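Visitor: Build me a model from this:
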Amino acid sequence: MTVSDLLDRAKACNIMIATAESCTGGMVAAALTDIPGSSAVVERGFVTYTNRAKQEMLGVETDTLDTHGAVSENVAREMAEGALQHSAAQLAVSVTGIAGPGGSEFKPEGRVCFGLAAAGQPTRTETIEFGALGRNTVRRAARDHALDLLAQGLSRTAQN
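Guide: Residues are numbered from 1 along each chain as shown. Below you'll find the model as predicted:
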């Protein structure tokens, strides 16, 4: 599904979208808003690069960050749910990861965690290991995966 198709489907379903991004720095929101007329569907985007921003803007819990770290499905879940709670959207995607360079034995470069929250549905999370492909490649791959998750979320929401 193209981004235009995604936006058309969201508009037809009367669904507004929010994004909560860390390692992608707004690339998901930018991909959505590159399409004319996207304001009918894109409610807002949160770029929460620091832990403090995740806490202040999205309500991510300090305990979650301390226990699991920013690059975790737990934080991705709270980011996506926080984007819903702090917006008028019915569908939100979150992205948090290590685009590189760097990483650690426990959280390697290229690990990206995603969340997908939809009003009235359980939040979905997943982790993708893109690998040490280079910062730009990981960020683009994470953006594209987040857009795919939004398309899947629209399909699930439209069925309910």
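
Visitor: Does anything pack onto the helix or strand bottoming out on mean pLDDT in the chain? Which helices or strands?
Guide: Here the helix or strand of the chain ranked lowest by mean pLDDT, DSSP states H and E is helix 135-159, holding a mean of 92. If you count contacts as 3 or more Cβ pairs under 8 Å, 6 or more residues apart in numbering; DSSP states H and E, helix 135-159 packs onto helix 3-12, strand 17-21, helix 27-33, strand 91-97, strand 111-118, strand 124-129. Backbone N, C-alpha and C define where each C-beta goes, glycine included.

Visitor: I'd like the distance between the residue nearest in space to the middle of the chain and residue 37.
Guide: The chain has residue 94 as the residue nearest its centroid, 2.0 Å off, counting by Cα atoms, centre = their mean. Computed as Cβ to Cβ, to the nearest Å, the residue 94 to residue 37 distance reads 24 Å.

Visitor: In contact with residue 33, which residues?
Guide: Residue 33 sits next to 39, 42 when contact means Cβ atoms under 8 Å, 6 or more residues apart in numbering.

Visitor: for residue 91, same thing?
Guide: Contacts for residue 91 (Cβ under 8 Å, 6+ apart) come out as 10, 15-18, 84, 116-119, 150, 153-154, 157.

Visitor: mind checking which helix or strand residue 132 is in?
Guide: Under DSSP states H and E, no helix or strand contains residue 132.

Visitor: Surely it touches residue 110?
Guide: Yes - using Cβ atoms under 8 Å, residue 132 is in contact with residue 110, at 5.4 Å.

Visitor: Mutual contacts of the two, please.
Guide: With Cβ under 8 Å, 6+ apart as the test, residue 132 and residue 110 both reach 100, 103.

Visitor: Mind checking which of the two has more residues around it?
Guide: Set residue 132 next to residue 110 and count neighbours by other Cβ atoms under 10 Å: residue 110 wins out with 22 against 16.

Visitor: can you tell me how far that one sits from residue 129?
Guide: For residue 110, the distance to residue 129 equals 6 Å [Cβ to Cβ].
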